[in-house]
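Undergrad: Sharing a model prediction with you, sequence too.
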Amino acid sequence: MTATRPLVVVGDALLDQDIDGEATRLAPDAPAPVLDVVADRTRPGGAGLAAALAARQGREVVLVTALGGDSASAAVREA
């Protein structure tokens with residue numbers, strides 16, 4: 001049976017950020033590593049990830065979520 005109606009995904013759409021780098025020193029004011037960033041990737045998370053994965057499988061998807069007017073929300077919309 002072929003799905004003819006869109007999949008409706010309701011929930012919080014997050015912006016996941018993956019950062020690759022190397023920590024070779026500690027911060028001078030706290031025992032926390034300082035990361036030298038090599039690569040930075042963003043992708044949808046939460047309900048946004050579920051919607052994106054379904055869309056990549058060829059499903060028609062409607063995502064119902066709240067997004068703002070900031071750059072993070074724009075990145076989620078684009079993804």
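TA: In hand now; what should we look at? Residues are numbered from 1 along each chain as shown.

Undergrad: going forward, measure contacts and count neighbours with C-alpha atoms only.
TA: Fine.

Undergrad: who's in contact with the lowest-mean-pLDDT helix or strand in the chain?
TA: Using mean pLDDT, DSSP states H and E, the weakest-scoring helix or strand in the chain turns out to be helix 71-78, at a mean of 90. For helix 71-78, the external contacting residues (Cα atoms under 8 Å, 6 or more residues apart in numbering) are 13, 14, 15, 42, 43, 44, 48, 67.

Undergrad: same check, this time on stretch 6-20
TA: Applying Cα under 8 Å, 6+ apart, the contact partners of stretch 6-20 are 37-51, 59-67, 72-73, 75-76.

Undergrad: roughly how far out does it sit from the chain middle?
TA: Stretch 6-20 sits 5 Å away from the centroid of its parent chain (Cα atoms, centre = their mean, to the nearest Å).

Undergrad: Out of the contacts of helix 71-78, which sit inside strands?
TA: Counting by DSSP state E, the part of the contacts of helix 71-78 found in strands is 13, 14, 15, 42, 43, 44.
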